[in-house]
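**Student:** model the structure of this input:
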Amino acid sequence: MEIPPSNPSLQETIAKSRRMLEISCELNSTADLDTLLQVIMNAATELTGAEAASVMLLDPSTRDLYFAAASQSSRPELIGMSVPLDTSIAGAILGSEEPIVVSDVSQDPRHHGQIGKALDHETRSLLGVPMLAEERKVGVLEAINKRKGRFTQEDVETISTLASLAGMAINKARLIAQLTDANEQLAELDRLKSDFIAIASHELRTPLAIMLGYITLLKEDVGGRELDRVLQAAVRLRGLMDEMFNLRYIDAGTPQLSLSRFCVARLARELISERHSLAEAKEQTVESPQLDDSAIVVADKESVRLVLSNLLSNAVSFTPVGGKISATITKRPSEVWVSVQDNGVGIPQAEQARIFDRFYQVEHHMTRRHGGLGLGLSLAKELLDLQNGRIWVESQEGKGSTFTFALPLADLPGA
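**Tutor:** Here you go, the predicted structure:
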């Protein structure tokens, strides 16, 4: 069918180009699909002088077209209505990837009357163009009923340009929606994983402590290599539990600190008591000759617990059978210093600068004798940095290590 030409003035062409640029900016400024569809329909009716417009999208699963949006006068049941690809005008447009103008739809057998009824007005003529994005079919944009005269070649070119912009915008909005949905699913999986780690670690702690206690008693009464192996396995399991706690903090990103005023010495005694059975399993001695009860800080108690727990666990792990571990807490003029000392394997001088890096381990991963992921010390440093604290090590290879961390001393009169 021959499409009448049009002869717009230069002024009209410039005005339409400016309007198209504004619409392009509007389409690129939002990723909400419903908003995009409304902008597209309003632009289609405005730029072509049509009474109404509709957008049909290609369902990627069924490969059918369906009405995604139509003019406000349309009935609600129209949205979601399927349009057959093989027997409809819209299907022909998308199949050929070419614009189609129908001056009298009553004479076209591809026009479906029930769709005209759902549009809530008589469809006399239409101009339809395909919407594509990166050579992929997105859908069809239709302008319905030219208000004055017939759809012209200028209308075809104008709505084709609009459809090109619309196809890319819709495709982008769909990709963003898919990405958002995927991120939400990943966040939910991450939350479930963190909850599982927290619950599993908590539930394992008490039975493991009981097992270690009884195994230690049996070893004293019975002895034997088999019990030594059981003890080693139990100690290894406790180390894995500590690593699970570390991973929980790592996965959470920057933690939300909850500051409170507390006695560090009281916390240290609690943690030393928890590690007592682990140290006994290796016939180690844990001493706490100096735990100043007046050493009060205002800090995040759970993160300080994790820091001190990691230092005590490392001391037990890297100190040989029969070794000695000592914990001290002292007040300085403006700080509280917490130290954990052992007479274990020590750390080579060349390695000491890197032990606070994530996943760094002194022993090679293929030959190392001690477990762990190399997260405890790095996490301790990160948590202390967030609270104006710091941590350092003094060590001599073969003679042991002393890890010390400092936190600001609470202002007792006003704390």
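**Student:** quick one, strands of this structure?
**Tutor:** For the chain, strands defined by DSSP state E occupy the ranges 50-58, 65-70, 82-83, 100-102, 126-133, 136-146, 259-263, 285-291, 296-300, 324-331, 335-342, 390-396, 400-408.
**Student:** adding mean pLDDT, write those out as TSV.
**Tutor:** Below are these laid out as TSV (pLDDT from 0 to 100):
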stretch	mean pLDDT
strand 50-58	92
strand 65-70	90
strand 82-83	87
strand 100-102	94
strand 126-133	94
strand 136-146	93
strand 259-263	92
strand 285-291	86
strand 296-300	92
strand 324-331	93
strand 335-342	95
strand 390-396	93
strand 400-408	95
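**Student:** could I get those strands as CSV with distance to Ser313 and mean neighbour count?
**Tutor:** Bear in mind the C-beta positions are built from the backbone N, C-alpha and C, glycine included. Conversion of the strands of the chain to CSV gives the following (distance: least, Cβ to Cβ, whole Å; neighbours: other Cβ atoms under 10 Å):
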stretch, distance to Ser313, mean neighbour count
strand 50-58, 57, 23
strand 65-70, 58, 21
strand 82-83, 63, 17
strand 100-102, 73, 21
strand 126-133, 55, 24
strand 136-146, 55, 23
strand 259-263, 21, 14
strand 285-291, 12, 14
strand 296-300, 19, 21
strand 324-331, 11, 19
strand 335-342, 10, 22
strand 390-396, 15, 15
strand 400-408, 11, 20
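**Student:** these two touch, right, Ile329 and Trp337?
**Tutor:** Yes. With contact defined as Cβ atoms under 8 Å, Ile329 reaches Trp337; the gap is 7.2 Å.
**Student:** restrict stretch 149-166 to CA atoms and write it as PDB.
**Tutor:** Extracted C-alpha coordinates of stretch 149-166, given in PDB (Å, rounded to 0.1, in the frame of the first residue of the first chain):
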ATOM      1  CA  GLY A 149      -5.600  12.400   7.100                       C
ATOM      2  CA  ARG A 150      -3.600   9.200   6.700                       C
ATOM      3  CA  PHE A 151      -0.300   8.100   8.200                       C
ATOM      4  CA  THR A 152       2.600   9.500   6.100                       C
ATOM      5  CA  GLN A 153       6.100   8.400   5.300                       C
ATOM      6  CA  GLU A 154       7.300  11.000   7.900                       C
ATOM      7  CA  ASP A 155       5.100   9.200  10.500                       C
ATOM      8  CA  VAL A 156       6.700   5.900   9.600                       C
ATOM      9  CA  GLU A 157      10.200   7.300   9.900                       C
ATOM     10  CA  THR A 158       9.400   9.100  13.200                       C
ATOM     11  CA  ILE A 159       7.800   6.100  14.900                       C
ATOM     12  CA  SER A 160      10.500   3.800  13.600                       C
ATOM     13  CA  THR A 161      13.100   6.000  15.300                       C
ATOM     14  CA  LEU A 162      11.000   6.000  18.500                       C
ATOM     15  CA  ALA A 163      10.700   2.200  18.300                       C
ATOM     16  CA  SER A 164      14.500   1.900  18.000                       C
ATOM     17  CA  LEU A 165      15.000   4.000  21.100                       C
ATOM     18  CA  ALA A 166      12.200   2.200  22.900                       C
END
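**Student:** for the remainder of this discussion, apply numbering that starts at 42.
**Tutor:** With the count now opening at 42, the last piece we talked about shows up as stretch 190-207.
**Student:** who touches that stretch?
**Tutor:** 44-47, 49, 57, 61, 64-65, 68, 77, 81, 84-85, 88-90, 96, 140, 142, 144, 166, 168, 170-173, 179, 182, 184, 187 (Cβ atoms under 8 Å, 6 or more residues apart in numbering).
**Student:** average pLDDT for stretch 251-262?
**Tutor:** For stretch 251-262, mean pLDDT rounds to 70.
**Student:** out of the helices and strands in the chain, which is least certain?
**Tutor:** Counting by mean pLDDT, DSSP states H and E, the chain has its least confident helix or strand at helix 154-159, which shows a mean of 63.
**Student:** tell me how far Leu182 lies from Leu206.
**Tutor:** 10 Å (Cβ to Cβ, to the nearest Å).
**Student:** show me what contacts Ala336?
**Tutor:** Contacts of Ala336 by Cβ under 8 Å, 6+ apart are Cys304, Val305, Ala306, Ile370, Thr371, Lys372, Val377, Leu450.
**Student:** let's go with 10 Å and repeat that
**Tutor:** 304-307, 309, 370-373, 376-379, 448, 450-451 (Cβ atoms under 10 Å, 6 or more residues apart in numbering).
**Student:** just to check, Ala133 is in contact with Val142?
**Tutor:** No. Between Ala133 and Val142 there is no contact under Cβ atoms under 10 Å: 12.0 Å.
**Student:** any common contacting residues for those two?
**Tutor:** Gly169.
**Student:** just to revisit the earlier point, joint contacts of Ile370 and Trp378?
**Tutor:** Val305, Asp333, Ala336.
**Student:** which pair in the contacts of Ala336 spans the largest distance?
**Tutor:** Maximum pairwise distance among these (Cβ to Cβ): 18.9 Å, between Arg307 and Arg373.
**Student:** more crowded one of the two?
**Tutor:** Arg307 (13 against 10; other Cβ atoms under 10 Å).
**Student:** next up, the contacts around the closest residue in space to the more buried one that isn't next to it in sequence.
**Tutor:** The spatially closest residue to Arg307, leaving aside those adjacent along the chain, is Asp334, at 7.2 Å (Cβ to Cβ, 6 or more residues apart in numbering). Shown in contact with Asp334 (Cβ under 10 Å, 6+ apart): Cys304, Val305, Ala306, Arg307, Arg310, Ile370.
**Student:** hmm, 8 Å instead?
**Tutor:** Asp334 neighbours (Cβ under 8 Å, 6+ apart): Cys304, Ala306, Arg307.
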